[in-house]
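K.L.:
Prediction below, plus the sequence it came from.
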Amino acid sequence: MTAQNSNSAVLQIRQLDAWFGQHHAVHGVSLEIEPKTVTAIIGPSGCGKSTFIRCLNRLHEEVPSARASGQVWLENQDIYASDVDPVRIRRKIGMVFQKPNPFPAMSIFDNVAAGLKLSGIRRRSVLREVVERSLRNAALWEEVKDKLTAPGTSLSGGQQQRLCIARALAVQPPVLLMDEPTSALDPISTAKIEELIQELKREVTIVIVTHNMQQAARISDKTAFFLMGDLVEFGDTSTVFTVPKEERTERYITGKFG
Amino acid sequence: MNSVQLHEYMSRTHQRRKWVDRWMSGLLFLAALAALVPLFSVLGYVIWNGAGYLNWDFFSKLPKPVGENGGGMANALAGTCTLVATASLIGVPWGVAAGVFLSEYGDGKLGTIVRFATDMLASVPSIVIGLFVYTLVVVPMGGFSAMAGGVALAIIMIPIVARSTEEIVRLVPVHIREAGLALGVSRWKVILRIVLRGCVSGITTGVMLAVARVAGETAPLLLTSLNNQYWNLGITGPIASLPVQIYSYAISPFDEWHGLAWAGALLLVLMVFVVNVLARLVFGTGGSGRD
């Protein structure tokens, strides 16, 4: 971890711990995320990978009895500093969840515009422009441009997930967290989302949790392997998958456990 | 027991089980019928006695003195509407707010206390609520009033609206709230603009059921809004209402008034019935926040 590295990293995580009540879910994890890369977080169920990325936008603490400590530096600011409002942080770090979760009783347009509208932007022309750009970026525009007033929940699962990506992109966050975004989708929708991630990384930094090691190998530049709350190994995806430094990583990626 | 004997035995018990099944189904059908009989006999009886008096005069005329034919309950009908509107104006925002509190922040000690208090309030006899409002509103105001009646009905509505709102809002999955928070929206805005927006039809259903419930309340109104033989404008004076008018006509010795009481009862039953059906229809249109 050299000084030069710290300057280029968009997110620097230092000694991050997370708990659910008495359960210590993430153990002092430190890692740095380079701008405009895709970082995959892999590991068996219950290893703390979802908890870890939910700490990066301070969503973890919204669960009753959950807490976190450590430092996460974003744009020269520690998001865990006492004077930081998590609401402002979350505008800079978007999130896409495992299950597509468009807002109920809102149209496709309103779903994408929600983040802007709820932070007080009402100019119709601005909203229209942002909605179209976000939907284009999420590769959904062509499919929905004639039915923007239809309910968001009327779309198929894969479309709903891309709608959720568009919704997250609309507030233009420099970082996008994705918590197993394809695990509820069929292979074709999954392929579309993976393709989309490759497009998106030109503009945003992506941290993606995935259960699917092939997916991690296909789409990520860096891979972090978690096991029982510890960060076991972090490095270039090609290295982690071909010549892992740790035996535990090798055993996991070759399917010997997990 | 060899396999042939076993099969014989099984086909015998199969026969028996089929008969038991038929008998039990029949019994359950009768039980269901027995539950419906009171409802339909009340409805039939009220229609039989009241339909004849339910004419245009009933809806448009004031009550007439004893001995004069005709007359209606126009003022009582308008009065019930005024009372229910007043009650809704007070009770609905209060009840919805309490329900949202219970759903979003109700897991702690305070929530348990509020929930228990709400359930207690729901089971307080309505005459007691009438007495309470009598001392709280009627005495200080120096007389019976529509306002007092509205307050009494509102107190009855609050727990109903609160608990139905809580149940509906709880149906909105956690991941919808998290999606809102993750967009950088503050918690109160997530609740107000995202969660509640998805529950409008469900909350409306609860409100309508509460309205149907209080529209027929009589006891608290006897102590608060009293009654009025004339048109009442404004909410500071006594006001007529269907249930109280039915009550005072039904205990009178005059046949003509008995008939009008039946007609009033029929109208009240029909109103409650229509509101209930509408409430179910509203809920059926979706947008309840579930997926």
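P.N.:
Arrived safely. Numbers count the residues shown, from 1 in each chain, chains lettered A, B, ... in the order given.
K.L.:
quick one: contacts for residue 76?
P.N.:
Looking at chain A here, since you left the chain open. If a contact means CB atoms under 8 Å, 6 or more residues apart in numbering or on different chains, then residue A:76 has no contacts. Quick note: C-beta positions are derived from backbone N, CA and C, even for glycine.
K.L.:
Chain B is the one I meant
P.N.:
By CB under 8 Å, 6+ apart, the contact set of residue B:76 is B:63, B:240, B:241, B:242, B:244, B:245, B:264.
K.L.:
now residue B:88
P.N.:
Taking CB under 8 Å, 6+ apart, one finds B:154, B:157, B:207, B:211 in contact with residue B:88.
K.L.:
Could you verify my assumption that the second one touches residue B:87?
P.N.:
Yep, that's residue B:157 we're talking about. Yes. Counting by CB atoms under 8 Å, residue B:157 touches residue B:87, with 5.7 Å between them.
K.L.:
can you list residues touching both of these two?
P.N.:
With CB under 8 Å, 6+ apart, residue B:157 and residue B:87 have common neighbours residue B:214.
K.L.:
Get me the contact residues on the stretch 51-200 of chain B for chain A.
P.N.:
For the stretch 51-200 of chain B, the contact set with chain A under CB under 8 Å from any CB of the partner chain comprises B:107, B:172-173, B:175-176, B:178-186, B:189, B:193-194, B:197-198, B:200.
K.L.:
Inside helices: which ones of those residues?
P.N.:
Assignment to helices by DSSP state H places the following of these there: B:175, B:176, B:178, B:179, B:180, B:181, B:182, B:189, B:200.
K.L.:
So for residue B:150, what's the nearest residue that isn't a sequence neighbour?
P.N.:
residue B:86 (2.8 Å; CB to CB, 6 or more residues apart in numbering or on different chains).
K.L.:
Quickly list the domain ranges of chain B.
P.N.:
B:3-53, B:59-284 (automatic domain parsing).
K.L.:
quick one: which of those domains is nearest residue A:22?
P.N.:
Among the domains of chain B, the nearest to residue A:22 by CB to CB is domain B:59-284 (18.6 Å).
K.L.:
near chain B, which residues of the stretch 1-150 of chain A show up?
P.N.:
With CB under 8 Å from any CB as the criterion, the stretch 1-150 of chain A meets chain B at residues A:57, A:59, A:62, A:64, A:87-92, A:94-95, A:97, A:99, A:101, A:103-106, A:114-115, A:118-119.
K.L.:
Enumerate the residues of the stretch 151-258 of chain A near chain B.
P.N.:
Checking the stretch 151-258 of chain A against chain B by CB under 8 Å from any CB, the hits are A:153, A:164, A:167, A:168, A:171.
K.L.:
change it to 7 Å
P.N.:
A:153, A:167, A:171 (CB under 7 Å from any CB of the partner chain).
K.L.:
looking at those residues, which has the most residues close by?
P.N.:
The most crowded member of these, judged by other CB atoms under 10 Å in any protein chain shown, is residue A:167 (30 neighbours).
K.L.:
quick one, the helix or strand harbouring that one and helix B:174-182 angle?
P.N.:
According to DSSP states H and E, residue A:167 maps onto helix A:157-169. Interaxial angle, helix A:157-169 versus helix B:174-182 (axes from the mean of the first three to the mean of the last three CA atoms, to 10 degrees): 30 degrees.
K.L.:
Could you list the buried residues of helix A:157-169?
P.N.:
Within helix A:157-169, the residues scored as buried using 16 or more other CB atoms under 10 Å in any protein chain shown are A:158, A:159, A:160, A:161, A:162, A:163, A:164, A:165, A:166, A:167, A:168, A:169.
K.L.:
packing partners for it?
P.N.:
Applying 3 or more CB pairs under 7 Å, 6 or more residues apart in numbering or on different chains; DSSP states H and E, we find helix A:157-169 packed against strand A:93-96, helix A:108-117, helix A:124-137, helix A:187-200.
K.L.:
tell me the most buried of these?
P.N.:
Ranked by mean neighbour count under mean count of other CB atoms under 10 Å in any protein chain shown, those are led by strand A:93-96, which reaches a mean of 26.
K.L.:
Which parts of chain A are strands?
P.N.:
Under the criterion DSSP state E, chain A carries strands at the ranges A:11-20, A:23-33, A:38-42, A:66-74, A:77-78, A:93-96, A:175-179, A:205-209, A:222-227, A:230-236.
K.L.:
now the last one: how far from the chain's centre is it?
P.N.:
With CA atoms, centre = their mean, to the nearest Å as the basis, the distance from the averaged C-alpha position of strand A:230-236 to the chain average is 18 Å.
K.L.:
Going by contacts, tell me the helices and strands next to that strand.
P.N.:
Packing contacts for strand A:230-236, counted by 3+ CB pairs under 7 Å, 6+ apart, involve strand A:23-33, strand A:222-227, helix A:247-253.
K.L.:
so which of the ones you listed is the most packed in?
P.N.:
Among those, strand A:222-227 has the highest mean neighbour count (mean count of other CB under 10 Å), at a mean of 25.
K.L.:
which residues touch that one?
P.N.:
Residues from elsewhere that reach strand A:222-227 (CB atoms under 7 Å, 6 or more residues apart in numbering or on different chains): A:31, A:37, A:39-43, A:47-49, A:52, A:216, A:231-237, A:240, A:248-249, A:252.
K.L.:
again, only this time at 6 Å
P.N.:
Applying CB atoms under 6 Å, 6 or more residues apart in numbering or on different chains, the contact partners of strand A:222-227 are A:39-43, A:47-49, A:216, A:231-234, A:237, A:240, A:248-249.
K.L.:
quick one, it and strand A:23-33 angle?
P.N.:
160 degrees.
K.L.:
tell me the mean pLDDT over strand A:222-227?
P.N.:
Averaging pLDDT along strand A:222-227 gives 95.
K.L.:
what about residue 45, neighbour count?
P.N.:
Just going to use chain A. Close neighbours of residue A:45, defined as other CB under 10 Å, add up to 8.
K.L.:
Correction: the question concerned chain B.
P.N.:
Neighbour count for residue B:45, taken as other CB under 10 Å: 13.
K.L.:
Sketch out the low-pLDDT regions of chain B for me.
P.N.:
Scanning chain B for pLDDT under 70 picks out B:284-291.
K.L.:
any chance you could read off phi and psi for residue B:37?
P.N.:
For residue B:37, the backbone dihedrals (degrees, to the nearest 10) come out as phi -60, psi -50.
K.L.:
and the residue most central in space within chain A, what is it in contact with?
P.N.:
Nearest to the mean C-alpha position of chain A, counting by CA atoms, centre = their mean, stands residue A:177 at 1.2 Å. Counting by CB under 6 Å, 6+ apart, residue A:177 makes contact with A:53, A:56, A:95, A:207.
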